[in-house]
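Enquirer: sequence? don't have it. structure:
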């Protein structure tokens with residue numbers, strides 16, 4: 001429909017390209033039968049297009065009687081030749097088209113059209129008109145037409161017979177398997193422990209490199225730095241490594257709203273692309289790039305703004321399933337402006353997520369994991385999957401976990417083949433501590449990892465509990481592990497493996513709002529698989545919106561402390 005955002009966004013982008021003298025050879029073909037299902041347009045389509053043909057952004061409109069096949073052919077050919085010759089957009093309008101049937105099987109057109117209107121349209125048959133004109137002009141004979149009619153009828157019946165014999169959808173497994181292009185397996189991370197805290201704040205981590213002193217660490221380069229600097233570096237690495245990858249967004253050529261793309265346009269001018277501020281256009285263009293063999297990385301400036309392009313986003317997610325794998329829309333979506341922050345209020349600190357089938361959603365908590373996860377995301381996107389990376393604003397320049405410890409800075413992994421797959425999770429172990437409550441796991445992601453680590457320390461200190469030693473054996477010991485689970489659209493196998501550690505209590509700490517929490521789905525699935533202990537709960541951000549200049553509506557350390565008190569009571 002010309003009233004739909006898809007059409008209006010694409011038309012606006014085409015006119016923008018014409019104004020900027022950017023090559024855009026395309027033809028908008030619009031058919032008008034005077035009806036939008038039951039709503040009568042009463043000449044609006046023609047009136048609208050007349051306003052689009054004037055001025056420096058005007059597009060030529062070629063008009064044809066939709067019931068005259070010769071005119072349809074001639075005007076369409078002229079529109080196509082114009083678009084090719086000028087490398088510019090054009091419109092061809094097919095007026096006066098007859099609607100010989102209802103809009104759909106359930107459309108009761110007799111409820112809004114008179115019998116005369118329906119009969120008139122049924123009598124105005126473009127195929128009959130074409131045959132009559134062709135015979136009159138001596139292009140074909142009646143016998144040839146009849147033979148062609150019989151051939152088409154036989155082909156149609158054969159096609160129906162073949163379709164009737166095709167295997168039907170037999171299982172849910174089949175439906176699940178066709179949702180996305182096959183996942184490309186990457187090596188799982190090796191497991192080892194690293195102490196990234198002091199003696200009183202012992203934090204051990206599975207699958208993580210930190211200060212370079214541990215011999216299990218992979219090769220790193222440069223100095224430790226914040227997440228944002230590593231993000232810029234891995235995007236540059238990707239653009240250098242894969243010349244068919246483009247980075248596209250709003251204001252990305254000058255660095256973007258958070259300077260993540262700072263300096264990249266100077267090094268990769270043809271791969272860093274600015275678009276007008278319209279998310280429907282952005283995602284629609286990304287689909288076009290993907291289907292042309294280009295792998296797009298799409299930056300959505302703020303998580304809330306994905307709502308503006310949600311319909312196109314869901315269309316992208318659906319296509320692989322809809323075509324049974326014949327067409328994919330491989331891309332990486334970088335969703336910025338997520339979760340904790342004081343700038344811009346709710347529209348710039350959104351903490352709700354769209355996670356339709358066909359989209360892999362991940363949220364990393366630190367620069368090292370982001371680099372390794374980003375590399376994997378590009379591998380998956382080049383193979384046809386849609387990967388959405390959710391970036392927590394608070395973490396971009398986050399350095400200090402406690403005081404001025406710089407514990408959240410990371411080295412950059414130099415080996416470009418070192419990746420973090422979907423099934424990898426990170427465990428920040430407390431070491432043996434005196435909890436009097438057994439072993440506790442806090443499962444979280446993104447900025448929730450910071451809240452969980454800080455809340456854990458506060459809880460242990462408030463209970464005057466320290467590290468486990470042989471001298472206080474009789475007082476009882478346990479552990480409070482924080483498990484960083486970046487994959488949000490499914491349950492990673494690494495989490496399943498981690499839960500085999502016989503935890504007495506499990507807390508799911510979700511930074512999204514109550515009722516809209518990805519970890520709630522994970523909890524349901526893990527409970528069904530009988531991997532959770534009897535004592536578990538979910539804690540999340542409250543079900544409200546985020547005010548300007550305050551963080552009271554986000555998940556924080558206090559929520560973690562309250563959850564720990566609840567399971568330990």
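Expert: All right, it came through fine. All figures in this text were calculated on a predicted structure; none of them were measured in a lab.
Enquirer: okay, CA-based contacts and neighbour counts for the rest of this
Expert: OK.
Enquirer: which residues in the stretch 51-200 of the chain form strands?
Expert: Here the stretch 51-200 of the chain has its strands, by DSSP state E, counting those that start in this stretch, at 61-65, 90-95.
Enquirer: any chance of those strands in CSV, plus mean pLDDT, mean neighbour count and distance to residue 10?
Expert: Output for the strands of the stretch 51-200 of the chain, formatted as CSV (pLDDT from 0 to 100; neighbours: other Cα atoms under 10 Å; distance: least, Cα to Cα, whole Å):
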stretch, mean pLDDT, mean neighbour count, distance to residue 10
strand 61-65, 94, 19, 16
strand 90-95, 94, 24, 12
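Enquirer: possible to save those strands as TSV with distance to residue 13?
Expert: Conversion of the strands of the stretch 51-200 of the chain to TSV gives the following (distance: least, Cα to Cα, whole Å):
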stretch	distance to residue 13
strand 61-65	17
strand 90-95	13
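Enquirer: closest to residue 17 out of these?
Expert: Within the strands of the stretch 51-200 of the chain, the stretch nearest residue 17 is strand 90-95; the backing value is 12.0 Å (Cα to Cα).
Enquirer: closest one to residue 24 among the strands of the stretch 51-200 of the chain?
Expert: Nearest of the strands of the stretch 51-200 of the chain (Cα to Cα): strand 90-95, 9.6 Å.
Enquirer: show me where pLDDT drops low in the protein?
Expert: Along the chain, segments meeting pLDDT under 70 span 191-221, 431-435, 464-478.
Enquirer: report the longest helix in it, please.
Expert: helix 142-165 (DSSP state H).
Enquirer: what residues does that helix touch?
Expert: 131, 135 (Cα atoms under 8 Å, 6 or more residues apart in numbering).
Enquirer: for stretch 444-452, same thing?
Expert: Contacts of stretch 444-452 (Cα under 8 Å, 6+ apart): 339-340, 363-366, 391-392, 394-395, 401, 442, 482-486, 508-511, 519, 555-557, 560.
Enquirer: going along the chain, name the helices of the stretch 351-500 of the chain.
Expert: 367-382, 447-462, 493-498 (DSSP state H, counting those that start in this stretch).
Enquirer: now do the contacts for the residue positioned nearest the centre of the chain.
Expert: Geometric centre of the chain, nearest residue: residue 388, 4.1 Å, by Cα atoms, centre = their mean. Residue 388 makes contacts with 332, 333, 334, 335, 359, 360, 361, 362, as judged by Cα under 8 Å, 6+ apart.
Enquirer: where's residue 262 relative to residue 92, distance?
Expert: Distance, residue 262 to residue 92, by Cα to Cα, to the nearest Å: 42 Å.
Enquirer: equivalent analysis for residue 338, please.
Expert: 42 Å.
Enquirer: for residue 375, same thing?
Expert: Relative to residue 92, and taking Cα to Cα, residue 375 is found at 44 Å.
Enquirer: same question, residue 498
Expert: In this view, residue 498 and residue 92 are 60 Å apart by Cα to Cα.
Enquirer: ditto for residue 80
Expert: 9 Å.
Enquirer: common neighbours of these two, please.
Expert: residue 27.
Enquirer: hey, what's the closest residue to residue 72 other than its chain neighbours bridged with?
Expert: Nearest non-adjacent residue to residue 72, counting by Cα to Cα, 6 or more residues apart in numbering: residue 64, 5.3 Å away. Beta-bridge pairing of residue 64 under DSSP bridges involves residue 94.
Enquirer: next up, the contacts around residue 64.
Expert: The neighbours of residue 64, taking Cα under 8 Å, 6+ apart as the test, are 71, 72, 75, 92, 93, 94, 95.
Enquirer: sorry, back to before: and of the contacts of residue 388, the nearest to residue 133?
Expert: Nearest to residue 133 among the contacts of residue 388: residue 359, at 51.0 Å, using Cα to Cα.
Enquirer: residues contacting that closest one?
Expert: Per Cα under 8 Å, 6+ apart, neighbours of residue 359: 180, 317, 385, 386, 387, 388, 489.
Enquirer: change it to 7 Å
Expert: Applying Cα atoms under 7 Å, 6 or more residues apart in numbering to residue 359 gives the contacts 317, 386, 387, 388.
Enquirer: what about the first one, how many neighbours?
Expert: Going back to what we said before, that points to residue 317. By other Cα atoms under 10 Å, 25 other residues sit near residue 317.
Enquirer: re earlier: chain center to the longest helix of the chain: distance?
Expert: Averaging C-alpha positions (Cα atoms, centre = their mean, to the nearest Å) puts helix 142-165 43 Å from its chain's average.
Enquirer: what does stretch 314-321 give?
Expert: For stretch 314-321, the distance to the chain centre is 11 Å (Cα atoms, centre = their mean).
Enquirer: picking up where we left off before, report the beta-bridge partners for the residue nearest to the centre of the chain.
Expert: Residues in beta-bridge contact with residue 388 (DSSP bridges): residue 333, residue 361.
Enquirer: not counting sequence-adjacent ones, nearest residue to residue 318?
Expert: With Cα to Cα, 6+ apart, the residue lying closest to residue 318 is residue 358, at 6.5 Å.
Enquirer: verify the stated contact: residue 141 with residue 135.
Expert: Yes - contact criterion Cα atoms under 7 Å: residue 141 and residue 135 qualify, at 5.7 Å.
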